[in-house]
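S.K.: any chance you could fold what I've pasted below:
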Amino acid sequence: MSIRVWLLALTTFVTGLAENITVGILPALSGGLHVTLGVAGQLTTIFSLGFAAAAPAAPLFAGRWPLRNVLGGALLLFALCNVAAALAPGYEVLLAARIGMAAASALTCWAATLLATRLVPAAYRGRAIGVIFMGISGSLVLGVPVGMLLAEALGWRSVFAGLAGLACVALCVTRPGLPDWRGGERIAASVYVRHLRDGRLAGAQAVSVLMIAGHFTVFAYLAPYAVRVAMVPEAWLALLFAAFGVAGVSGGYLGGWLADALGPRRAVVLTPLLYLSSLLALPWCASTPWAFVPAMMVWGGLSWMISPVVQSYLAAAGPATLQAGLSLNLSAMHLGVGLGTAAGGLVVTYASLSSVPWTGAALAAVAVMCAATAAWSTNPGRGAEDAAVVRK
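M.R.: Modelled structure (predicted):
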């Protein structure tokens, strides 16, 4: 795998850190900004919503520019927004800075993924996308502890200053080695509608939404589930999440490898099936921590396999709408985060904590049906034929 692909993964890791990094420093943000914990918590929500809104807009506004310039500009914007956050005099400025971070992160993920698919032969495309998603999954797992450590040592403003510094480092080491390739396409807004009218492609997008929703239904409440249901000692929680992080990062690469080894069409069906099986196994393994921890790691790894698998499928099945498909899929991931977190909250409130994996499994079962639609639809639509793409 080209070293440039791994450097691209560094950019998605750095910008992805911003999404969850405020979760662990909510008390410090609340006290420092003189707002309630609930209001401070919206800094994470606004990032996810901003990312979901910005991702589909990336090809519309940046498709004509050289991709390395898009990536460099996104990293620079990310750094500046974090400087603004570090210096923010109040909550409103920090909220605006978070929206800017989200837009920059969406641009970075779009440009890095598109570049990765072009830097390797077609036979290695899945693995290249998998490497990019190793950066994303690693950032989502490590963002919380990194933020907590920095805030405890130097205060919450140092968290954003540190992100700005990391973005500058990523910009300096990544951009010079990238080819001067343009996005190559100017996309009409109607291409998104035509992409989603294709039964296969819409089914694949739904797989991402539902599987990630199933994941976050459980992940958002993993700590209390592990302690109260699986009887994992509280002292183990740090190691538990470290193990989960290793599994998640590994899953990103394994998903890309599977797409290359079996072909995206088979992989997009097999991955949700394996994921559903892992979720169904969690309650049965909750009787003892020694069974629950390895079952949780398998589930965590499989949950992060789906994004590179789906993106490989979109690249192969809808090449004429590739840019729109990749950006929509990045948006779908964040919609899944919101859906899953909300579903888990409702289950915990109105049912029981032990019901959370079953809810996630129900969402995963629907994802399996959507995967079947993606793999075997006989009515692919006209998305690849009239994609409304104007060559520059």
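S.K.: secondary structure element holding the closest residue to G162 other than its chain neighbours?
M.R.: Excluding its sequence neighbours, the residue lying closest to G162 (C-beta to C-beta, 6 or more residues apart in numbering) is L150, at 5.7 Å. No exception for glycine: its C-beta is placed from N, CA and C like everyone else's. L150 is part of helix 125-154, with elements assigned from DSSP states H and E.
S.K.: helices or strands next to that helix in the packing?
M.R.: Packing partners of helix 125-154 (3 or more C-beta pairs under 8 Å, 6 or more residues apart in numbering; DSSP states H and E): helix 3-20, helix 91-119, helix 156-174, helix 237-262, helix 306-317.
S.K.: tell me which residues of it come out buried.
M.R.: Of the residues in helix 125-154, 125-148, 150-151 count as buried by neighbour count, 16 or more other C-beta atoms under 10 Å.
S.K.: and if you look at stretch 278-290?
M.R.: Neighbour-count burial for stretch 278-290 flags 278-283, 285-286, 289 (criterion: 16+ other C-beta under 10 Å).
S.K.: what of stretch 106-121?
M.R.: For stretch 106-121, by 16+ other C-beta under 10 Å, it's 106-117, 119-120.
S.K.: among the buried residues of stretch 278-290, name the ones in helices.
M.R.: Within the buried residues of stretch 278-290, residues falling in helices by DSSP state H are 278-283, 285, 289.
S.K.: out of these, the closest to L210 would be?
M.R.: Distances from L210 to these, taken as C-beta to C-beta, are shortest for L279 (11.9 Å).
S.K.: ok, that closest one - contacts?
M.R.: 214, 218, 299, 357, 360-361, 364 (C-beta atoms under 8 Å, 6 or more residues apart in numbering).
S.K.: any weak-confidence spans in the stretch 151-300 of the chain?
M.R.: Applying pLDDT under 70 to the stretch 151-300 of the chain flags residues 182-188.
S.K.: pretty sure T217 sits against T359.
M.R.: Yes. Under the criterion of C-beta atoms under 8 Å, T217 makes contact with T359 at 5.3 Å.
S.K.: rebuild the ones in helices among the buried residues of stretch 278-290 as a markdown table, extending it with distance to T271.
M.R.: Below are those laid out as a markdown table (distance: C-beta to C-beta, whole Å):
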| residue | distance to T271 |
| --- | --- |
| S278 | 11 |
| L279 | 13 |
| L280 | 15 |
| A281 | 16 |
| L282 | 17 |
| P283 | 21 |
| C285 | 20 |
| P289 | 27 |
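S.K.: can you tell me which of those residues is nearest A52?
M.R.: L279 (23.9 Å).
S.K.: the closest residue to the closest one other than its chain neighbours is in what secondary structure piece?
M.R.: Leaving aside its sequence neighbours, L279 sits nearest to A361 (C-beta to C-beta, 6+ apart; 4.2 Å). Assessed by DSSP H and E, A361 sits inside helix 356-376.
S.K.: what residues sit buried inside that helix?
M.R.: Buried residues in helix 356-376, counted by 16+ other C-beta under 10 Å: 356-368, 370-375.
S.K.: now stretch 56-74
M.R.: Buried, per 16+ other C-beta under 10 Å, within stretch 56-74: 56-60, 62-64, 66-68, 70-74.
S.K.: between those, which is closest to V229?
M.R.: For the buried residues of stretch 56-74, the closest approach to V229 (C-beta to C-beta) belongs to P56, at 38.0 Å.
S.K.: wait, doesn't the closest one sit right on G325?
M.R.: No. Taking contacts as C-beta under 8 Å, P56 lies outside contact range of G325: 10.2 Å.
S.K.: ok, back up a step: distance-wise, check the residue nearest to L279 relative to V207.
M.R.: Counting by C-beta to C-beta, to the nearest Å, the gap from A361 to V207 is 15 Å.
S.K.: next, the angle from the one helix or strand V193 maps to to helix 306-317.
M.R.: Assigned by DSSP H and E, V193 belongs to helix 190-197. Relative orientation of helix 190-197 versus helix 306-317 (axes from the mean of the first three to the mean of the last three C-alpha atoms, to 10 degrees): 100 degrees.
S.K.: tell me what helix 190-197 is packed against?
M.R.: Where contact means 3+ C-beta pairs under 8 Å, 6+ apart, helix 190-197 is packed against helix 199-219, helix 322-350.
S.K.: C-alpha coordinates for that helix, CSV please?
M.R.: The C-alpha coordinates for helix 190-197 follow below in CSV (Å, rounded to 0.1, in the frame of the first residue of the first chain):
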residue,chain,number,x,y,z
SER,A,190,-29.8,16.3,-9.8
VAL,A,191,-27.1,13.6,-9.8
TYR,A,192,-27.9,13.0,-6.1
VAL,A,193,-31.5,12.2,-6.9
ARG,A,194,-30.6,10.0,-9.8
HIS,A,195,-28.0,8.2,-7.6
LEU,A,196,-30.7,7.4,-5.0
ARG,A,197,-33.2,6.3,-7.7
